[in-house]
Structure formats: structure tokens, C-alpha cells
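Engineer: Fold the following for me, if possible:
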Amino acid sequence: MFKKLVSGVHNTTRFYSGVSPKIKSRKYVLTKYFQGEPKKSDFQLVEEEIPELKDGEILTEAEYLSVDPYMRAYMIGYKLPTDMIGGQVAKIIASRNNEYPVGKYVCGSFGWRTHTVINPVQRTTGLLPLTLLPDISPYPISIALGILGMPGNTAYFGLKEICQPKPGETIVITGAAGAVGSHVGQIGKLMGCRVVGFAGTDEKCKYLEQELGFDRAFNYKTVDIKSALKEGAPKRVDCYFDNVGGEISSTIINYMNKYGRVAVCGSISSYNDAKLPKVTILQPAVVLKELKMEGFLVNRWTDRWDEGINANLIWLREGKLKYQEKIYYGFDNMVEALVGILRGENTGKAVVKVN
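Structural biologist: Model (predicted):
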């Protein structure tokens, strides 16, 4: 259903519509490493002229851009100044590649920019393989950044490959109302498991239980974590999908059953911290309970990308998956959107509509 970037020789029949030299791309360039929350002053907004397309290339115009917690953590690994990373859904507005015609949509890691010139054969795009979107109506194209994109595949492969849950087992998820966590919980229920989530507001917990079918959901800000685990997971925890790190993760891991599995997806609780927090030691629980604990990046499964997306699309069409989007508006508001998701403003996937 989704066509993934593959190598090959393209017929260079021109669909090129003639790019005006007046078209310019705007992009965010990170010039300062984040200290605390990201700030507009950490970036420069730069204009670039669009070059003439070469054979095999396409020109895209961004329609939706993704904001994700990993962006806050990953930028420390880049030498400054550097273009800001991130995925987007973009419309092809000019093409010299007959497999990528004008009017179609693509999804890829083009970064925080309005226009991108790319050769689909020669270019890799970071965490996201370049995909040509099929018709996913009646759903909006923005979900190619969420339930049918990197978060959806993170949930699908992270749970199935790392945790490997069995029917009747108990799964606990932190960051459970986010794009990944809310999806993990739904897949867990489809696999016959008891699902317990932790989120940051009572409203989010109500959504998880009443809309998504979580067995229990707790506001980690207002409950005692140990007591919540005893109530929500009376048979203890077999699989833990960790999106946040910190002391809550130490508490959950110490409450796991023997031979439990932990999928470490992120540590959003400390992304804005200058120093990593000290937490309860994990090694005694890991050793005595013989736990398996594994971190992962979703691009491990790039060669199976379509498998995850198509499985999620089938579940979505069958009414077995639900999703929410938090939509911010305006390319000039990218930083505010990133800060918002780091503060937990979103339920489900957060995206920015460019115009």
C-alpha cells in the first residue's frame, strides 16, 4: 500500500512544471544547543533559493510537519549550525521523475523546512524512509506522521519485537497518552493483554480508559505509583513500554514479574534537564527477576516499514485503532509546538499545519 524508496534507474520523462526562480524555501537552523526548554533564540530562520531540478529529482512543499520528543534529545549529537531535523508530509509541486508525479504526497525526514529538492533514489531521510503516500481517504494525510508513520511503527515493532507480549500478560506504558503510548496500548489490547497506562492529566486518563480501552490509567502526578501498580496490575507487570525514564520507571521495573521485558523507547521526563536525575538502582531487579531490557530506534525495521504501516492501516479501517491529533498552525510556530509537546499539551500525535 505504501511505496517505499527503492534503488533503480528511472525513466526521466519530464513532468516538470517549471519552478519559478522566485520560489524560496524557509528553514530552521539550530545555532545554539538547547538549555532547558527550546527557545526561538536557539534558531535562525533562513531562506534558500530553489535550484533548477535535475533529472530524477522532485520538489516538495510541506503541508504538515511533525514535532516529537526525540528532537529535543537528538540535536546534541549534531555540530552547529545545523538544519533542524524532523518528518513531514509534503506535496510534490514539480517533478522530473515519472514515478513521483506532481500532485502526489510523500513522507520523509526533510526537517523543518517549507520546500525540499530530493532525488528519491539517491537520498536517505534519517529516521523515516521516503514513502509515496497512497490514497488513505477518508483519513487526513497528516496521519502519515502519526498512526500510519514513525510513531505507529515505533509502537508496532517496539511492542511486538522487543516486548513480545503473550495473551493474558500485563503491559504497563508510561507516556501513555502520547502518539506512541496510546498506540502501544491499543495493540496490546488487540493481542489479548491487560493494559495499564500512566499519563499526566485526569482528562488523558479518562480518554485512555473510555475511548481506547485501557484497563486502567493513572495520573502519575497525583497518585502513589506503587499503590497504582498494585491496583492496576494485581498480577504484576510482564511488559513495560518505557517512554519517560526517571523514578517512575525504576518503580515499575521493580514491580515486574520474573522474565519480564522492557522496551526503552525514550526518556522524556529528563529531556529538558541539564543533568540526568538520580533514580533508584535497577540492577538488583534486573538480575533477580532475570529481566530483558532493550533500547531501540524504529529505523532498525526500515526494511519492514510497509509491514507496520499496512498492519496499522488495516486495523484502522476495521475500527480497531483510534487516534487523536493535536494540530498547531503556522510554520512560524514550530518552536512553540515543540515546547508544547515537551510540556505534555498533546493527546496523541502533535503536528504543525504549515499554512
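
Engineer: any idea how far the spatially closest residue to G232 that is not a sequence neighbour lies from E169?
Structural biologist: Nearest residue to G232 in three dimensions, chain neighbours excluded: R216, at 3.7 Å (Cβ to Cβ, 6 or more residues apart in numbering). Backbone N, C-alpha and C define where each C-beta goes, glycine included. Using Cβ to Cβ, to the nearest Å, one obtains 15 Å as the distance from R216 to E169.

Engineer: These two: which has the busier surroundings?
Structural biologist: Higher neighbour count among R216 and E169: E169, with 21 against 18, using other Cβ atoms under 10 Å.

Engineer: these two touch, right, the more buried one and D238?
Structural biologist: Yes: between E169 and D238 there is a contact under Cβ atoms under 8 Å: 3.8 Å.

Engineer: Spatially central, which residue of the protein would that be?
Structural biologist: P151 (3.4 Å; Cα atoms, centre = their mean).

Engineer: Now do the same contact list for it.
Structural biologist: D68, L145, A179, V180, H183, K349 (Cβ atoms under 8 Å, 6 or more residues apart in numbering).

Engineer: Now E57. Its backbone dihedrals?
Structural biologist: phi -90, psi 160 (degrees, to the nearest 10).

Engineer: my guess is it meets T116, correct?
Structural biologist: No: contact between E57 and T116 fails when scored by Cβ under 8 Å: they sit 10.1 Å apart.

Engineer: pLDDT below threshold where in the stretch 151-300 of the chain?
Structural biologist: Scanning the stretch 151-300 of the chain for pLDDT under 70 picks out 269-274.

Engineer: Please enumerate the strands of it.
Structural biologist: 170-174, 194-199, 216-219, 237-242, 256-264, 292-295 (DSSP state E, counting those that start in this stretch).

Engineer: Hmm, P51 is touching H115, no?
Structural biologist: No: with contact defined as Cβ under 8 Å, P51 does not count as touching H115 (10.8 Å).

Engineer: neighbour-wise, which of those two wins?
Structural biologist: Taking other Cβ under 10 Å, P51 and H115 do not tie; H115 has more neighbours (20 against 11).

Engineer: what's across from the spatially closest residue to that one that is not a sequence neighbour in the sheet?
Structural biologist: Nearest residue to H115 in three dimensions, chain neighbours excluded: S25, at 3.8 Å (Cβ to Cβ, 6+ apart). Beta bridges link S25 to E48 when assigned by DSSP bridges.

Engineer: I figured S25 was touching W112, is that so?
Structural biologist: No: the pair S25 / W112 is not scored as a contact, 10.8 Å apart, by Cβ under 8 Å.

Engineer: So which of these two has more stuff around it?
Structural biologist: The neighbour count for S25 versus W112, taken as other Cβ under 10 Å, is higher for W112 (26 against 19).

Engineer: That one: what's it in contact with?
Structural biologist: Neighbours of W112 in contact, by Cβ under 8 Å, 6+ apart: K27, Y28, L65, D83, M84, I85, G86, M334.

Engineer: Against D242, how distant is the fifth one?
Structural biologist: Pointing back at M84 there. 26 Å.

Engineer: hmm, back to that, check the contacts of P151 against S249 and report the nearest one.
Structural biologist: Nearest to S249 out of the contacts of P151 is V180 (Cβ to Cβ; 15.1 Å).

Engineer: and the gap between that closest one and G103?
Structural biologist: Counting by Cβ to Cβ - V180 and G103 are separated by 31 Å.

Engineer: These two: which is more packed in?
Structural biologist: V180 (29 against 10).

Engineer: Flag every buried residue along stretch 320-335.
Structural biologist: Buried residues in stretch 320-335, counted by 16 or more other Cβ atoms under 10 Å: L321, K322, Y323, Q324, E325, K326, Y328, F331, M334, V335.
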